[in-house]
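In: prediction below, plus the sequence it came from.
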Amino acid sequence: MTSGAGIYFDGMTSARHDVAVVLSPDALQIAGGDGRWLAAWTYDELEEMAAPANVLRLGRRGNAVLERLEIFDAEFAAAVVARAVNIDRTGTRQRRQRGSVIGWSVAATASLLLVAWFGVPALAARIAPLLPVAVDRKLGDAVDIQMRGMLDPRNSGTAFECGSADSEKAGRTALDKIVRRLEASAALPETLRTFVVRRTEANAMALPGGQVYVFRGLIDKADTADEVAGVIAHEIGHVAHRDGTKAVLQAGGLSFLFGMLLGDFVGGGAVVIAAKTVLQSSYSREAEAAADAYGAALMNRAGGNVHALATMLGKIGGATEPGMTILLDHPETKARVAAINSVAGAKSTTPFLDAKEWAALKRICAG
Ligand SMILES: [Zn+2]
């Protein structure tokens, strides 16, 4: 039996798709009702997920998205399992689960004790810097999914990111040039994933796991590439300080810490609450000042114009993140601008982009 019916969930929306599943020699392929291929999963990445007894629920190993496929026909399910090297339905799985339940109980007890000792905010601040990069990244992916759901209500998917249409590609290249130059001077433990999103606010934000969203409104408002670079450098400061991770851990509170220990961030209500909080709240004054200092130092090291960060900050009224509503003439913004300008080096700087590249970046959302 090499084909059958299934129900597919893309993990991003709640829509269920009736699909045709084809077992090709090297992958399980999923086709939608309109005949379009929705996914192809190799047999070694197939993973069985918990499900009622009459359903075979499959996911992909290491996938942060709750993408899944459900197969109800027992005979076809057996054919799939026979090909999936990592699925064994003969009892080892139950034994493994029992073992991990014990592990989880220990971890949960430990986390309760830690919370009692430190309190959630202090614990989040202590734990965030210790998280392995892989965990931070997984957390970031989970938040990213929730965040896109909130920022992209029309669910435009990949089109939500500027830079992939033909007319936008030169802009994407220009953005990459800025990010690479900053990254080379930053020496971060994780690779940055920076992209421009189709939002009109003049904002940028850093998520856990090295993801930086630059809103198109910020590009619109910038007059030079160094102004954009300056804001990205500030966001890299939040990445380096793990501010996004701290905020998420604090917002998600105890249930999130459990999720972290259990290794499952996705699907839980905690990640939704956490993403919402990150979107609606702002970082503390101290965190902002630290990110400014980091951003200014990074601009200096990268040979960029530190004043450009101050200029941009003044233009957007210090509101470098969503939820921040500090006004332009707010003393706090003025103090931040002055602090950044005070560390600007005297030596000459090299613009991040030439005129042609900057024009291309301005059109990154033109498609
Ligand atoms: Zn900031």
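Out: Everything's here; your move.
In: ranges for the helices of the stretch 151-300 of the chain?
Out: Counting by DSSP state H, counting those that start in this stretch, the stretch 151-300 of the chain has helices at residues 169-186, 216-221, 225-240, 243-262, 269-280, 285-301.
In: comparing those, which yields the minimum mean pLDDT?
Out: In terms of mean pLDDT, the lowest-scoring of the helices of the stretch 151-300 of the chain is helix 269-280 (a mean of 64).
In: how close does residue 55 get to residue 190?
Out: For residue 55, the distance to residue 190 (C-beta to C-beta, to the nearest Å) stands at 37 Å. C-beta here means a position set from N, CA and C on the backbone, and glycine is covered the same way.
In: can you redo the helices of the stretch 151-300 of the chain as CSV with distance to residue 46 and mean neighbour count?
Out: As requested, the helices of the stretch 151-300 of the chain are exported to CSV (distance: least, C-beta to C-beta, whole Å; neighbours: other C-beta atoms under 10 Å):
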stretch, distance to residue 46, mean neighbour count
helix 169-186, 33, 19
helix 216-221, 38, 19
helix 225-240, 33, 27
helix 243-262, 22, 22
helix 269-280, 24, 19
helix 285-301, 42, 20
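In: for the closest residue to residue 160 other than its chain neighbours, give its distance to the ion.
Out: With sequence-adjacent residues excluded and distances taken as C-beta to C-beta, 6 or more residues apart in numbering, residue 160 is closest to residue 152, at 4.2 Å. Using C-beta to the ion, to the nearest Å, residue 152 is found at 22 Å from the ion.
In: contacts only, for residue 152.
Out: Neighbour list for residue 152: 160, 197-198 [criterion: C-beta atoms under 8 Å, 6 or more residues apart in numbering].
In: quick one: pLDDT of it?
Out: For residue 152, the model assigns a pLDDT of 84.
In: kindly list the single helix or strand of this protein that scores lowest on mean pLDDT.
Out: Lowest mean confidence among the helices and strands of the chain (mean pLDDT, DSSP states H and E): helix 92-118, at a mean of 62.
In: domains of the chain?
Out: According to automatic domain parsing, the chain is divided into the following domains: 3-83, 126-362.
In: looking at these, which is buried most?
Out: Mean neighbour count (mean count of other C-beta atoms under 10 Å) peaks for domain 126-362 among those, with a mean of 19.
In: ends of that domain, how far apart?
Out: Start and end residues of domain 126-362 are separated by 40 Å (C-alpha to C-alpha, to the nearest Å).
In: for stretch 24-44, same thing?
Out: Criterion C-alpha to C-alpha; first-to-last residue distance in stretch 24-44 is 13 Å.
In: contacts for it?
Out: 2, 6, 8, 10, 17-23, 46, 58, 60-61, 67, 69, 80, 83-86.
In: 10 Å instead, please
Out: If you take C-beta atoms under 10 Å, 6 or more residues apart in numbering as the criterion, stretch 24-44 is touched by 2-3, 6, 8, 10, 17-23, 45-47, 58-61, 63, 67, 69, 71, 80, 82-87.
In: show me those residues that map onto helices.
Out: Within the contacts of stretch 24-44, residues falling in helices by DSSP state H are 80, 82-83.
In: tell me which of these is nearest to the ion?
Out: The closest of the ones in helices among the contacts of stretch 24-44 to the ion turns out to be residue 80 (C-beta to the ion; 47.0 Å).
In: who's in contact with that closest one?
Out: Applying C-beta under 10 Å, 6+ apart, we find residue 80 in contact with 1, 4, 6, 21, 23, 28, 43, 46, 48, 56, 58, 69, 71, 73, 87.
In: next: residue 338.
Out: Counting by C-beta under 10 Å, 6+ apart, residue 338 makes contact with residue 310.
In: before we move on, what about the one 10 residues further on?
Out: Under the criterion of C-beta under 10 Å, 6+ apart, the neighbours of residue 348 are 303, 305.
In: and it, that's in a helix?
Out: No - assignment of residue 348 by DSSP: H, G, I helix; E, B strand; the rest coil gives coil, placing it outside any helix.
In: if you drop the residues flanking it in sequence, what lies closest to residue 210?
Out: Counting by C-beta to C-beta, 6+ apart, residue 210 lies nearest to residue 190, which is 4.2 Å off, once chain neighbours are set aside.
In: separation between that neighbour and residue 155?
Out: 28 Å.
In: what do you get for residue 333?
Out: To residue 155, residue 333 is 35 Å away according to C-beta to C-beta.
In: do the same with residue 4
Out: Counting by C-beta to C-beta, the gap from residue 4 to residue 155 is 29 Å.
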